[in-house]
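Peer 1: how would this look folded up:
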Amino acid sequence: AYVSTDNLPQDFKLALAVDISLAALLGEGIFNFGELLLHPILNALVGTEYEWLHALLKCFNKGDMQAYDMICERYSDAMCRQPELVKNAENLRAKVTLLCLVEYLFSLPPEERSVPLTVIASRARLPSREAAEGLVLRAMAQGMVRGMIDQVEGVFRVAWVQPRVLTHAQVKGLAARLDQWADKLDASQKVICAMT
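Peer 2: As a prediction, this is how the structure comes out:
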């Protein structure tokens, strides 16, 4: 039977939110946090000692390397109290780095789908173009992106990026991109009409 989160005791909601969050972060093959972030159970984390976990999920969803490093530094004591996070620190960094790549590629307009590997390395805080190439290969192996790496030109030509569950902010960003596209179509139509 369905039980609304409103009817659950606060301490149970908090424990459940912590467990679900850790399972998502540590789960192999889980790379989409949008739907989880939209679930009301995660509101139980806000205003508690586990609020950092909510922030961590948000930065994973956005693929935000800077926020990830800041959260790890700022909440290192709290994170160290979660032995599985400590044990899987390297895997977590690899996961957020993959998400950084996917989110960046997803945000690109269609006319900018040839991405220099040096740009990918910079955004993902990787030391070299070769490391960026490895990241792209891992993302392709996970089925998160499709495309072709041009080693001569040092670019990744994006053909497809895995669809994602979008948060409200991401939907607003997508709407803005659609508005820009519609404006370009209108301008093109006016140019064509003026030529005829």
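
Peer 1: Show me the strands in this structure, by range?
Peer 2: Counting by DSSP state E, the chain has strands at residues 114-116, 145-150, 155-161.

Peer 1: could you redo those strands as TSV and give each row mean neighbour count and distance to Ala139?
Peer 2: Yep, even glycine has a C-beta here, placed from its N, CA and C like the rest. Shown next, in TSV, are the strands of the chain (neighbours: other C-beta atoms under 10 Å; distance: least, C-beta to C-beta, whole Å):
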stretch	mean neighbour count	distance to Ala139
strand 114-116	16	12
strand 145-150	16	5
strand 155-161	17	9
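
Peer 1: chain center to the helix or strand of the chain with the lowest mean pLDDT, what's the gap?
Peer 2: None of the helices or strands of the chain scores lower by mean pLDDT, DSSP states H and E than helix 168-195, at a mean of 87. Centre-to-centre, helix 168-195 and its host chain are 25 Å apart (C-alpha atoms, centre = their mean, to the nearest Å).

Peer 1: Check stretch 164-180 too.
Peer 2: In terms of C-alpha atoms, centre = their mean, the centre of stretch 164-180 is found 14 Å from the chain centre.

Peer 1: Who are the packing partners of the least confident helix or strand of the chain?
Peer 2: On a contact count with 3 or more C-beta pairs under 8 Å, 6 or more residues apart in numbering; DSSP states H and E, helix 168-195 meets no helix or strand.

Peer 1: Buried residues in that helix, which are they?
Peer 2: By neighbour count with 16 or more other C-beta atoms under 10 Å, helix 168-195 contains the buried residues Gln170.

Peer 1: just stretch 49-68 next, same as before
Peer 2: Residues of stretch 49-68 classed as buried: 50, 52-65, 67-68 (neighbour count, 16+ other C-beta under 10 Å).

Peer 1: Test my guess that Ala159 contacts Val115.
Peer 2: No - counting by C-beta atoms under 8 Å, Ala159 does not reach Val115; the two are 11.9 Å apart.

Peer 1: Kindly provide the whole-number mean pLDDT of stretch 89-102.
Peer 2: Averaging pLDDT along stretch 89-102 yields 97.

Peer 1: how about the strands of the chain in TSV, adding distance to Pro40?
Peer 2: TSV is the format used below for the strands of the chain (distance: least, C-beta to C-beta, whole Å):
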stretch	distance to Pro40
strand 114-116	37
strand 145-150	31
strand 155-161	28
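
Peer 1: Ok, which of those strands comes nearest Cys72?
Peer 2: Across the strands of the chain, Cys72 has its closest neighbour in strand 145-150 (25.4 Å, C-beta to C-beta).

Peer 1: Neighbouring strands of the closest one in the sheet, and parallel or not?
Peer 2: Paired neighbours of strand 145-150 in the sheet (DSSP bridges): strand 155-161 (antiparallel).

Peer 1: tell me the average confidence for the strand it pairs with?
Peer 2: 96.

Peer 1: burial of Leu37, as a residue count?
Peer 2: By other C-beta atoms under 10 Å, 19 other residues sit near Leu37.
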